[in-house]
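Participant: fold the following and give me the result.
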Amino acid sequence: MKTPALPAESWLQRPAHLSWLADEGTRLLSFAQASRVEHGFAALDANGQLPEHACAELIHTARMTHCFVLAHIQGIPGHAELIDHGVAALQGGALHDAEFGGCFADATRQGGKSAYLHAFVALAASSATVAGRPGAGVLLEEAIAILEKHFWSEEQGALRESLSRDWQQEEEYRGANSNMHATEAFLALADATGDSLWLLRALRIAERLIHGHAAASGYVVVEHFDQAWRARPDYSEGNRADPFRPYGSTPGHSFEWARLLLHLEAALQRAGLAAPAWLLTDAGGLFASAGRDAWGADGKPGLVYTLDWSSQPVVRARLHWVHAEAIAAAAALLRRTGEPVYEDWYRRLWEFVAQHFIDLQNGSWHHELDDDNRPASSIWPGKPDLYHAYQATLLPRLPLAPSLATALGCVTGL
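Facilitator: As a prediction, the model looks like this:
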């Protein structure tokens, strides 16, 4: 595949913009370091402080560990010990279930095991292994064993959603979100292990969820399914603003999938494997559909959180992660196609983020805006997440393959 040249005026080729991305990433990292707690990493409030009863959570511990690895690989001091703290928490700390295997959702050690969270454990383990951190290889082996034994369905070519703590009872649900993050993790696993089986598994997931369901639905990602992968369009109708399983379509996931399809295409080609043409076609379709339907859907700038099945806004809040993923997807499509429309989107999105999300007074980004683009907290209180915003500062500066940790280890001058 010959990659088209970027437009001469592209921000992706301007040293000042690339320097700004690096500076913004460093600012985000500085804020997130305060999330360390005894058993991992916890959610921060809007001012970057730990709440009184802060508790280590698996999602934050895995994501923070992954991001701190990416900083360490670049040569940004102050993150090695944080990585090791995260690896230890995931491998044998309070988040780890020594009796049945896998990890708890938080340090209270209650509830079952979810594919969504274990995909992030595999991502963190892959990144830490690439960085050569102590204990990372063992964590990677454990993460792979859990995925293969309990979550991966060879018959369905996708992940089961969640199971009880002892793995004996399975939820009667299949989700696109967990499988999307599994696709990301599988790309990283392929690089960390050298085993292209993970790329073929990622392709099977994408073929089912995107080239199958989404392409047949006007390039709208169908999120919720039963165990037989029959769509459940009415799922969460009574809880429309759920932060993980909302009703309707989630345009942010369309952007995220668009980017992942391009990473998968590049990774397959890099491994000498066939990359179907629909990966690029579907990536463009997903981005076009989400941009058309979600931007200004209520007459005001920004991307709304969710849409109904007639492309009308349901939850009008603007979430930071949606815009971060749209930025990364625009950069990926711009790098892959060279088409000016993606340059236009890339600039528009960063201008909106700079104006409304970036918090230069208290740090990090506002995680949520209301429908008047004012800071809000109805869905996401505080500023608990580093992962989406930080990756949005990295991905535009990197090739589409290999995956982030491996790419940062190969590329200099960032």
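
Participant: would you map the helices across the chain?
Facilitator: Listed in chain order, the helices of the chain (DSSP state H) span residues 15-32, 58-74, 80-91, 115-130, 136-146, 176-193, 197-206, 215-216, 251-270, 278-294, 320-337, 340-352, 387-394, 404-410.

Participant: burial count for the residue lying closest to Ala5 once chain neighbours are set aside?
Facilitator: Nearest in space to Ala5, with sequence neighbours left out and distances taken as CB to CB, 6 or more residues apart in numbering, is Gly338 at 5.7 Å. Every residue, glycine included, has its C-beta placed from N, CA and C. Gly338 is flanked by 15 other residues according to other CB atoms under 10 Å.

Participant: swap in Gly218?
Facilitator: Considering only other CB under 10 Å, Gly218 is surrounded by 12 other residues.

Participant: so it makes contact with Ala290?
Facilitator: No. Using CB atoms under 8 Å, Gly218 is not in contact with Ala290, being 10.9 Å away.

Participant: contacting residues for the closest residue to Glu237 other than its chain neighbours?
Facilitator: Take Glu237 and drop its neighbours on the chain: the residue closest to it by CB to CB, 6+ apart is Tyr247, 5.1 Å away. Tyr247 makes contacts with Asp234, Tyr235, Ser236, Glu237, Asn239, Arg240, Thr306, Asp308, Val314, as judged by CB atoms under 8 Å, 6 or more residues apart in numbering.

Participant: got a pLDDT number for the last one?
Facilitator: By that I understand Val314. On pLDDT, Val314 comes in at 97.

Participant: if I look at it, how far off is Glu184?
Facilitator: In this view, Val314 and Glu184 are 26 Å apart by CB to CB, to the nearest Å.

Participant: settle it for me: which of those two has more neighbours?
Facilitator: Glu184 (23 against 19).

Participant: which residues does that one contact?
Facilitator: Here Glu184 is in contact with Ala119, Leu123, Leu260, His263, Ser403 (criterion: CB under 8 Å, 6+ apart).

Participant: quick one: neighbours of the first one, just the number.
Facilitator: Neighbour count for Ala119, taken as other CB under 10 Å: 27.

Participant: what's the answer for the second one, then?
Facilitator: Here the count is done by other CB under 10 Å, and Leu123 has 29 residues near it.

Participant: what sits closest to Tyr387 if chain neighbours are left out?
Facilitator: Per CB to CB, 6+ apart, closest to Tyr387 is Arg63, 4.0 Å.

Participant: right, I mislabeled it, should have said Glu9
Facilitator: The shortest distance from Glu9 to any non-neighbouring residue, by CB to CB, 6+ apart, is to Glu343 (7.7 Å).

Participant: first to last residue in stretch 150-162, what's the distance?
Facilitator: Stretch 150-162 stretches 9 Å from its first residue to its last (CA to CA, to the nearest Å).

Participant: please renumber so the chain begins at 444
Facilitator: All set: I'll call the first residue 444, so the last point we hit is now stretch 593-605.

Participant: name the residues that touch that stretch?
Facilitator: Stretch 593-605 is contacted by residues 545, 555-559, 561-562, 590, 606, 610, 613-614, 616-618, 621-622, 625, 644, 647-648, 650-652, 672 when judged by CB under 8 Å, 6+ apart.

Participant: equivalent analysis for stretch 739-758, please.
Facilitator: By CB under 8 Å, 6+ apart, the residues outside stretch 739-758 that reach it are 663, 676, 683-684, 689-695, 733, 736-738, 759-762, 765-766, 769, 795, 799, 812, 814-816, 822.

Participant: with stretch 824-837 instead?
Facilitator: Contacts of stretch 824-837 with the rest of the structure, by CB under 8 Å, 6+ apart, involve 464-465, 467-468, 471-472, 474-475, 478, 485-489, 491, 494, 503, 506-507, 509-510, 513, 763-764, 767-768, 770-771, 802, 806-810, 847, 851, 857.

Participant: mind redoing it with 7 Å?
Facilitator: The list of residues contacting stretch 824-837 from outside it, by CB atoms under 7 Å, 6 or more residues apart in numbering, reads 464, 467-468, 471-472, 475, 486-489, 491, 503, 506-507, 509-510, 513, 763-764, 767-768, 770-771, 807-808, 810, 847.

Participant: likewise for stretch 641-648?
Facilitator: Residues from elsewhere that reach stretch 641-648 (CB under 7 Å, 6+ apart): 600-601, 622, 625-626, 629-630, 632-633, 707, 710-711, 714, 716.

Participant: just give me how far it sits from the chain centre.
Facilitator: 17 Å (CA atoms, centre = their mean, to the nearest Å).

Participant: one more: stretch 515-527?
Facilitator: 21 Å.

Participant: just the CA atoms of that stretch, as CSV, please.
Facilitator: Presented in CSV, the C-alpha positions along stretch 515-527 are these (Å, rounded to 0.1, in the frame of the first residue of the first chain):
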residue,chain,number,x,y,z
HIS,A,515,8.3,6.4,29.7
ILE,A,516,9.1,5.0,26.3
GLN,A,517,9.3,8.5,24.9
GLY,A,518,11.9,9.3,27.6
ILE,A,519,9.8,11.5,29.8
PRO,A,520,11.2,11.0,33.3
GLY,A,521,9.0,10.3,36.4
HIS,A,522,6.9,7.5,35.1
ALA,A,523,8.9,4.3,35.6
GLU,A,524,7.9,3.8,39.2
LEU,A,525,4.2,4.6,38.4
ILE,A,526,4.3,1.8,35.7
ASP,A,527,5.7,-0.7,38.2
